[in-house]
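Asks: here are the coordinates; sequence isn't available:
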């Protein structure tokens, strides 16, 4: 924070001295963006671009600010203009791709094209590889997602939100590679014995691979771990996983109730139940499930 305050002081001085005012305004806008003051950031970027309409860097970073306030169409317009001015602007291409990703399924192919182009321009672009891995996952191209996953993890083990072993275990599970998913999850449990994602992944993988009877102990172990973290863990994640365990056992009413409670709390719950999680495979197209994931 002290660094940002000093930066603001410096750019305010530059603006007062009128030395390249558009650049100073854009730099102040970026400082505001990084601090989280997005309204002030947009104000400064607007002024900078008003003074210099072809200011490529300012256009791209205003686009990122629009993305952060979820004004996706405005973000795309700015990224488009920046890329038109500089067709090899890797940062803008990658961030336009991520914006397309958040605009929904109809835009996934455009997201993939942009992220692939950014990686072609910069093969070690870790951030873009990590996001392309996610887009492939959303498109249910799990093998391609795993290729990107294995490419990015040696460069940065912490790029994904969860531990990389559990992230890989889930991808393997979604792809039906159940024995490998279990092995990855067990490796994680050696580090953290009560990791709820690893326990859930083992339960689902074993149920889908070897049958419900073979998975009963693992289902109960996963359920107990989730319930024990009810007061301290991520409630949306816990509710979703409880729904998955219930639906595995065909306890449909309980599963739907858990899922209904999870959806407002867990951004991934709808995508998982509707598309990815094998726990829901037998009930994914049931009218009650569809009612929850479409509404």
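Replies: Perfect, I can see it now. Quick caveat, the model's predicted, so the values are computed rather than measured. Numbering: from 1, shown residues only.
Asks: Following element in sequence after the helix or strand hosting residue 261, please.
Replies: Taking DSSP states H and E as the definition, one finds residue 261 inside helix 252-262. Next helix or strand after helix 252-262 toward the C-terminus (DSSP H and E): helix 269-271.
Asks: List the buried residues of stretch 284-295.
Replies: Of all the residues in stretch 284-295, those buried under the rule 16 or more other C-beta atoms under 10 Å are 284, 289, 292-293. No exception for glycine: its C-beta is placed from N, CA and C like everyone else's.
Asks: what's the strand or helix carrying residue 60 packed up against?
Replies: Assigned by DSSP H and E, residue 60 belongs to helix 56-68. Applying 3 or more C-beta pairs under 8 Å, 6 or more residues apart in numbering; DSSP states H and E, one finds that helix 56-68 contacts helix 21-35, helix 38-51, helix 72-85, helix 90-102.
Asks: what's the last one in contact with?
Replies: The reference is to helix 90-102. The contact list for helix 90-102, computed with C-beta atoms under 8 Å, 6 or more residues apart in numbering, reads 56, 60, 63-64, 67, 70, 72, 75-76, 79-80, 82-83, 86, 107-108, 110-115, 117-118, 121-122, 125, 127-128, 131-132, 134-135, 138.
Asks: Repeat the analysis, applying 6 Å as the threshold.
Replies: By C-beta atoms under 6 Å, 6 or more residues apart in numbering, the surrounding residues in contact with helix 90-102 are 60, 64, 67, 72, 75-76, 79, 82-83, 107, 110-111, 114-115, 117-118, 121-122, 128, 131, 135.
Asks: For that helix, what is the distance to the chain centroid?
Replies: Centroid separation for helix 90-102 versus its chain: 13 Å, with C-alpha atoms, centre = their mean, to the nearest Å.
Asks: ok now the helix or strand following that helix, how far from the chain's centre?
Replies: Using DSSP H and E, the helix or strand that follows helix 90-102 in sequence is helix 108-121. Taking C-alpha atoms, centre = their mean, the mean C-alpha location of helix 108-121 is offset from the chain mean by 16 Å.
Asks: helices or strands up against helix 108-121?
Replies: helix 90-102, helix 126-138 (3 or more C-beta pairs under 6 Å, 6 or more residues apart in numbering; DSSP states H and E).
Asks: can these go into a markdown table with extra columns for mean neighbour count and distance to residue 160?
Replies: Below are the helices and strands packed on helix 108-121 laid out as a markdown table (neighbours: other C-beta atoms under 10 Å; distance: least, C-beta to C-beta, whole Å):
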| stretch | mean neighbour count | distance to residue 160 |
| --- | --- | --- |
| helix 90-102 | 23 | 15 |
| helix 126-138 | 22 | 7 |
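Asks: Of all those, which one is nearest residue 154?
Replies: helix 126-138 (10.1 Å; C-beta to C-beta).
Asks: Other residues contacting the helix or strand just after that closest one?
Replies: Counting by DSSP H and E, the next helix or strand C-terminal to helix 126-138 is helix 142-152. Residues from elsewhere that reach helix 142-152, judged by C-beta under 6 Å, 6+ apart: 126, 129-130, 132-133, 136-137, 159, 168, 171, 174-175.
Asks: Out of those residues, which one has the lowest pLDDT?
Replies: Going through those one by one, the lowest pLDDT turns up at residue 159, 93.
Asks: about what we covered before: give me the distance between the helix holding residue 60 and the centre of its chain.
Replies: Worked out by C-alpha atoms, centre = their mean, helix 56-68 lies 20 Å from the chain centre.
Asks: Alright, that wraps it up for me.
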